[in-house]
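[1] sequence plus predicted model, see below.
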Amino acid sequence: MRSPPRLRLWAAALAPGILVAATGVGAGDLLTASLAGSTVGVTILWACWLGALLKWFLNEGIARWQMATGTTLLEGWTEHLGAWVRWVFFAYLLAWSYFTGAALISACGVAGAGLLPLAQNAEHSKIIWGVAHALAGLALVWCGGFRFFEGVMSACVALMFVTVVATTLLVGPDWPAVARGLAVPTVPAGGGTWTLGLLGGVGGTVTLLSYGYWIREQGRAGASGLRVCRVDLAVAYALTALFGMCMVIVGSRLELTSGPMLALALAEQVAGAAGTLGPLAEHVFLLGFWGAVFSSLLGVWQSAPYLFADFVYLGRRAATAPGPVADLRRTPAYRLFLVGIALVPLVALWMPVRQVQLAYAMFGALFMPLLALTLLIMNNRPAWVGNGFRNRLTTNVALVATLSVFIWIGGGEALEAIRKLATAR
């Protein structure tokens, strides 16, 4: 039976937003949220929806630039802010890709080892599954088209949604406390780090730039394209906020400690809370966790090469003829970076997970203020975007708030992460 035309149109319109949610919500986000709930409780639930709202303003700004100019934000940086920005971002992209790839491969290894151990030693099983997921992601992106990619990611989002919500209901939360945590912004003693993690971590960092390439695949442009972007981004960040809030609530009912196998410990505690359905609940949760981490890996494998290919061909266009490349996914640069991001971070499977996660968090925290600052500069210039696409007052307030929060808290956290990396053994 064929889907009604209107339903198919809505599904196509919301697809890029679903990709944003699937890519932005990964192992680090879910585990950070659960640890935050376990450490400081549900008093910081408000940070989940506020962080998602701030990310909406950032991604809406990226879309608005592209709808107004027909160019990606990276192209806009190069044309209006100078080639030096492109080179600084390129160096950042290489470091971010390595540590993000390492964190995702490791998380997929943990998820696979939990669902189906392949060796008596848990660490060996994690390595085997990590390599398998990295290569599977490489094959799916290399051989599959964009529609196939959309389908796989949508299935993973559905899996995450069902399992995370079911787990939240299963643990029996204190609903009055949940309501207070959502409505009354409070930072408990010692909760500043966790508040930052929820504000900035849940919903992606550099992967926000990927949205511009996904909406280009759909041919969106102008004011009508921007209206669609606002709707599908609202869906994306509503899902993102829901995932984050659910995991904070789940964590608040459990006693968790940080570690490379935190996901497995979390699944065991969920099983304990489920009583006679414990074994089933444990496997359902692990399946949802796997959906979260593999969709994030697949999204990064598909989207990060866009940025590298855009960087390469921006340089070539500056030296030769202008005009965008028709399909970046078919370029040698895209495929080279795809192979690199899948294979190079494999060496980190033998590194301490804590060091990889610290580096991943640090590089993510450094990107957000840069993005907010450039959107404040570029989207407030009528000569660049036109009066119809300029930032509104509410957008400028949100971007200034984002910039302030990440400079105030994020800078300190990045410095602390650098210190811990330097002293880690």
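    Received the coordinates, thanks.
[2] for Tyr98, which non-adjacent residue is closest in space?
    In this structure, Tyr98 finds its nearest non-sequential neighbour in Pro345, 5.6 Å apart by CB to CB, 6 or more residues apart in numbering. All C-beta atoms are positioned from the backbone trio N, CA, C, and that covers glycine.
[3] neighbours of that neighbour, how many?
    Counted with other CB atoms under 10 Å, residues neighbouring Pro345 total 23.
[4] grab the nearest non-local neighbour of Tyr237.
    Distances taken as CB to CB, 6+ apart place Ala52 nearest to Tyr237, at 4.1 Å, with adjacent residues excluded.
[5] distance from the helix or strand harbouring that neighbour to the middle of the chain?
    Ala52 is part of helix 46-69 when elements are defined by DSSP states H and E. A distance of 13 Å separates the centroid of the chain from that of helix 46-69, by CA atoms, centre = their mean, to the nearest Å.
[6] OK, contacts around the residue nearest to Tyr98?
    Ser97, Tyr98, Phe99, Gly101, Ala102, Ile105, Ala134 (CB atoms under 8 Å, 6 or more residues apart in numbering).
[7] among those residues, which pair sits farthest apart?
    For these, the maximum inter-member distance is 14.4 Å, found between Phe99 and Ala134 (CB to CB).
[8] any idea which helix is longest in this structure?
    Ordering each helix of the chain by length in residues (DSSP state H) puts helix 278-319 first.
[9] any idea how far it is from the chain center?
    Between the centre of helix 278-319 and the centre of its chain there are 8 Å (CA atoms, centre = their mean).
[10] please apply the same query to stretch 156-167.
    Relative to the chain's own centre, stretch 156-167 is displaced by 17 Å; criterion: CA atoms, centre = their mean.
[11] tell me the average confidence for that stretch?
    The pLDDT scores in stretch 156-167 average 84.
[12] what do you get for stretch 398-415?
    In the prediction, stretch 398-415 has an average pLDDT of 71.
[13] ditto for stretch 44-58
    pLDDT averaged over stretch 44-58 gives 89.
[14] what is the neighbour count of the closest residue to Trp49 other than its chain neighbours?
    What sits nearest to Trp49 in space, not counting adjacent residues and going by CB to CB, 6+ apart, is Ala241, at 4.5 Å. Ala241 has 25 neighbours, counted by other CB under 10 Å.
[15] I'd assumed Lys55 was in contact with Ala241.
    No: in this structure Ala241 lies outside contact range of Lys55 using CB atoms under 8 Å: 9.3 Å.
[16] got the residue ranges for the strands in the stretch 151-300 of the chain?
    Taking DSSP state E, counting those that start in this stretch, the stretch 151-300 of the chain contains no strands at all.
[17] got any ranges where it has weak pLDDT?
    Applying pLDDT under 70 to the stretch 151-300 of the chain flags residues 193, 197, 200-204, 256-262, 273-277.
[18] so how far is Val347 from the nearest residue to Gly130 once chain neighbours are set aside?
    For Gly130, ignoring the flanking residues on the chain, the nearest one in space by CB to CB, 6+ apart is Gly109 at 3.1 Å. With distances taken as CB to CB, to the nearest Å, Gly109 is found 13 Å from Val347.
[19] those two: which is more packed in?
    The residue with more neighbours, out of Gly109 and Val347, is Gly109; 27 against 10, by other CB under 10 Å.
[20] how about the contacts made by the more buried one?
    Applying CB under 8 Å, 6+ apart, the residues contacting Gly109 are Ser125, Lys126, Ile127, Ile128, Trp129, Gly130, Val131, His133, Leu349.
[21] again, 10 Å this time
    Counting by CB atoms under 10 Å, 6 or more residues apart in numbering, Gly109 makes contact with 122-134, 260, 293, 349, 353.
[22] filter the residues you listed to the buried ones?
    122, 125-131, 133-134, 260, 293, 349, 353 (16 or more other CB atoms under 10 Å).
[23] farthest pair in these?
    The span of the buried ones among the contacts of Gly109, defined through CB to CB, is set by Ala122 and Ala134 at 18.6 Å.
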